[in-house]
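Q: Show me how the following folds:
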Amino acid sequence: MIDGTSAEEQDFSMRARAHQARLTARLRPGYDFIVCGAGASGSVIARRLAESPAAQVLLLEAGGTDEADAVLNPALWPTNLGSERDWAFQAEPNPHLNGRQLPLSMGKGLGGGSSINVMVWARGHRSDWDFFAAESDDPAWGYENVLGIYRRIENWQGAPDPQYRGTGGPVWVQPAGDPSPIARAMLDAAGEIGIPIFEHPNGRMMEGEGGAAISDMLIRDGRRHSLYRAYLRPWLDRPNLTVLTGALVRRVLFNGRRATGVEFLHDGQVKTVGAGSEVVLSLGAIQTPKVLMHSGIGDRAELGRVGIPVLQHLAGVGQNFQDHVSFGCTWEYAEPIAPRNSGSEATLYWKSRPELDTPDLLFCQVEFPVPSDRTAARGVPAHGWTMFAGLANPASRGRLRLQSTDPLAPLAVDAKFLSDAADMATARACVELCRALGNAPAFRPFVRGEVMPGDLTGDALDLYIRDAAVTYWHQTCTAKMGRDDMSVVDASLKVYGVKGLRVADGSIMPRVTTGNTQAPCAIIGERAAEMIRREHGV
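A: Just a heads-up that it's a prediction; the model follows:
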């Protein structure tokens, strides 16, 4: 049990745990719906489907509980990286990063990424959602409709803003409480160089050129309030919702071209369970395409290379891999300043070129030094802060490849970060803007000086960028929604060429959204659940 919980909360936890133990000890041979993955989308879908008492819902999650202080204490989020709550994926060595091999952390456990991330709530830009609508030919994916969903699901704790914010929804969203003076300095520095300041980052700021604001966070009463906690946990005592942890999905089962269930590994045994209506894959942008390919859905040549029989040729499975890439710039404090909240309280979106209409750069201030494996050798101050800034709309595209017919064998992730020359040009502008912000007068009372990169130009700057690049952990787009030959799902998130199977997670994004991805994944979950319930009358 986690310290600090109320007696009522502890009582619910005990009842829900006992109830789920009974349900999982006697799994049914089949359920109406099987949702695979309890992350930012899967938690939403399972809850919304279980709201219909007539629907029997099974949620399979490879990881375990979220009841750990490392999860619930916002300040401890970095300790989850590399832990048992991290899939610990690894990208292939990248010649565009001077041969470096980046770790690609993703959440493994109830809540998925929303249980190990930095808790930032970033909706994406208007242009992202309108692009989704255009790619899918479905206006319901457009910004105006999505804005309505955000208002409906939020329980906003900041200053009232009924045009953009909602109250009474399951997702407790609040501005970072009592932010650090270094966060306020970032906003002042933005204003000093002509970047507008906004009351919060999830309204007017993300309809135009961008701006700066104190971050919105999923923190409630000083504890992480993940999307699992927001949506699914209050529903764990319901008779029609079964949540099985430690269940690794291996493949989808088919009768002809209809999905009829899944095969999974649990307690060292391979088991199967049937789905009467649908299987939904919400496993994230690495595991979802992996399961598709092991189920015979993917590029014909790729499946044939390792000897998997082809059920449905879809060339886009595992292609179009995207992530936000960051280049940390670091300053030393004049006097130590302890991080507050999650240690990341101010955010900024802006443009690398004046002629752009929308932001292509993403900045999250981190209130402690964040070097890469290479830049750490340049010298890291004992006390300092980092402008964790990077590409909001990268041009580079990677791919995932099978290495074996064994569902437990890892994929090869060729991320191809910075492989497109346009990304290097944007990265240079990003670092220049970082330095302009960090060296602005607003920071002078707080910093001794810039530690890295310093006034580098030409090849020296390019070397720094390639050595400094790290991931934002926003892996997406590997089973994209659309209508072209590389699309994997249609506007309703149904997998092309088969029946009874949908994908609903960050892998369906045609392009990565502008900003942290958990809020858009909640929207993907809401839209998927809405379409499933409408189709099946539940």
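Q: roughly how far is the one helix or strand E8 maps to from the heart of the chain?
A: Assessed by DSSP states H and E, E8 sits inside helix 7-25. Centre-to-centre, helix 7-25 and its host chain are 28 Å apart (CA atoms, centre = their mean, to the nearest Å).
Q: just checking, what packs against it?
A: In this structure, helix 7-25 makes packing contacts with strand 241-244, judged by 3 or more CB pairs under 8 Å, 6 or more residues apart in numbering; DSSP states H and E. C-betas here are computed from N, CA, C, even on glycine.
Q: Output the contacting helices and strands for the strand it packs on.
A: So strand 241-244, by 3+ CB pairs under 8 Å, 6+ apart, packs with helix 7-25, helix 42-50, strand 57-60.
Q: out of those, which comes closest to A479?
A: helix 42-50 (14.4 Å; CB to CB).
Q: May I have the closest one exported as PDB, CA atoms only?
A: What follows is helix 42-50, C-alpha atoms only, in PDB (Å, rounded to 0.1, in the frame of the first residue of the first chain):
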ATOM      1  CA  GLY A  42      -6.100   1.100 -23.700                       C
ATOM      2  CA  SER A  43      -7.100   2.300 -20.200                       C
ATOM      3  CA  VAL A  44      -9.600   4.700 -21.800                       C
ATOM      4  CA  ILE A  45     -11.000   2.100 -24.200                       C
ATOM      5  CA  ALA A  46     -11.500  -0.600 -21.500                       C
ATOM      6  CA  ARG A  47     -13.200   1.800 -19.200                       C
ATOM      7  CA  ARG A  48     -15.600   3.200 -21.900                       C
ATOM      8  CA  LEU A  49     -16.500  -0.300 -23.100                       C
ATOM      9  CA  ALA A  50     -17.100  -1.500 -19.600                       C
END
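Q: What number of residues are in the vicinity of S41?
A: 38 (other CB atoms under 10 Å).
Q: Test my guess that it contacts V503.
A: No - if you go by CB atoms under 8 Å, S41 and V503 don't touch, sitting 9.4 Å apart.
Q: Next, show the common contact partners of the two.
A: Both S41 and V503 are contacted by S282, under the criterion CB atoms under 8 Å, 6 or more residues apart in numbering.
Q: Which residue ranges of the stretch 351-500 of the chain form strands?
A: 361-366, 384-391, 399-401, 412-414, 447-452, 469-471 (DSSP state E, counting those that start in this stretch).
Q: follow-up on the earlier one: got the buried residues for the helix holding E8?
A: Buried positions in helix 7-25, judged by neighbour count with 16 or more other CB atoms under 10 Å: 12-13, 16, 19-20, 23-24.
Q: same question for that helix, mean pLDDT?
A: Averaging pLDDT along helix 7-25 gives 93.
Q: How about stretch 494-510?
A: Mean per-residue pLDDT for stretch 494-510: 98.
Q: Give the residue farthest from the middle of this structure.
A: Computed with CA atoms, centre = their mean, the residue of the chain farthest from its C-alpha average is P445, at 35.1 Å.
Q: who's in contact with that residue?
A: Per CB under 8 Å, 6+ apart, neighbours of P445: 185, 334.
Q: secondary structure class for the residue nearest to L303 when sequence neighbours are not counted?
A: Excluding its sequence neighbours, the residue lying closest to L303 (CB to CB, 6 or more residues apart in numbering) is V310, at 5.3 Å. What DSSP: H, G, I helix; E, B strand; the rest coil gives for V310 is coil.
Q: What about V310, how many residues nearby?
A: Counted with other CB under 10 Å, the neighbours of V310 add up to 15.
Q: pLDDT at it, what is it?
A: pLDDT, V310: 98.
Q: what's the answer for the one 3 residues further on, then?
A: Per-residue confidence at H313 stands at 98 (pLDDT).
Q: Let me know whether A189 touches L437 as I believe.
A: Yes - using CB under 8 Å, A189 is in contact with L437, at 4.8 Å.
Q: picking that back up, phi and psi next, for the residue farthest from the centre of the chain.
A: phi -70, psi -20 (degrees, to the nearest 10).
Q: What's the separation between it and I182?
A: 10 Å (CB to CB, to the nearest Å).
Q: List the buried residues in stretch 229-242.
A: 229-233, 235-236, 238, 240-242.
Q: any chance of the residues you listed in TSV, plus pLDDT, secondary structure and distance to N145?
A: Shown next, in TSV, are those (pLDDT from 0 to 100; DSSP: H, G, I helix; E, B strand; the rest coil; distance: CB to CB, whole Å):
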residue	pLDDT	secondary structure	distance to N145
R229	97	helix	26
A230	98	helix	21
Y231	98	helix	20
L232	97	helix	24
R233	97	helix	28
W235	97	helix	25
L236	97	coil	30
R238	96	coil	29
N240	98	coil	29
L241	98	strand	27
T242	98	strand	32
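Q: got CSV for those residues, with distance to S396 too?
A: As requested, these are exported to CSV (distance: CB to CB, whole Å):
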residue, distance to S396
R229, 34
A230, 33
Y231, 33
L232, 34
R233, 37
W235, 40
L236, 41
R238, 44
N240, 44
L241, 40
T242, 41
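Q: how many neighbours does P95 have?
A: Residues lying near P95 (other CB under 10 Å) number 12.
Q: thinking again about what came up before, looking at the strands of the stretch 351-500 of the chain, which is nearest to S295?
A: S295 sits nearest to strand 399-401 of all the strands of the stretch 351-500 of the chain, at 14.6 Å, using CB to CB.
Q: What is the distance between that closest one and the centre of its chain?
A: Taking CA atoms, centre = their mean, one finds the center of strand 399-401 at 19 Å from the center of the full chain.
Q: And stretch 270-278, by the same measure?
A: 27 Å.
Q: Surely E302 and L400 touch.
A: No - contact criterion CB under 8 Å: E302 and L400 do not qualify, at 9.3 Å.
Q: shared neighbours of the two, which are they?
A: G318.
Q: what's the neighbour count on the nearest residue to K494 once chain neighbours are set aside?
A: Nearest non-adjacent residue to K494, counting by CB to CB, 6+ apart: R502, 5.4 Å away. Neighbour count for R502, taken as other CB under 10 Å: 22.
Q: For R502, grab phi and psi.
A: The phi/psi pair for R502 (degrees, to the nearest 10) reads phi -130, psi 160.
Q: of E302 and L400, who's got more company?
A: L400 (27 against 20).
Q: so is the spatially closest residue to that one that is not a sequence neighbour in a helix, a strand, or just coil?
A: Distance criterion CB to CB, 6+ apart; nearest residue to L400, sequence neighbours excluded, is G318 at 3.7 Å. What three-state DSSP gives for G318 is coil.
Q: close enough to count as contact, G318 and E302?
A: Yes - with contacts counted by CB under 8 Å, G318 reaches E302, the gap being 7.1 Å.
Q: okay, and the common contacts of the two?
A: Counting by CB under 8 Å, 6+ apart, the residues touching both G318 and E302 are 293, 401.
Q: Could you give the number of residues near D490?
A: Residues lying near D490 (other CB under 10 Å) number 17.
Q: Look up how far Q319 lies from it.
A: 17 Å.
Q: Which parts of this structure are helices?
A: Ranges of helices within the chain are 7-25, 42-50, 69-72, 126-136, 143-153, 181-192, 227, 284-294, 300-306, 421-438, 458-468, 518-536, based on DSSP state H.
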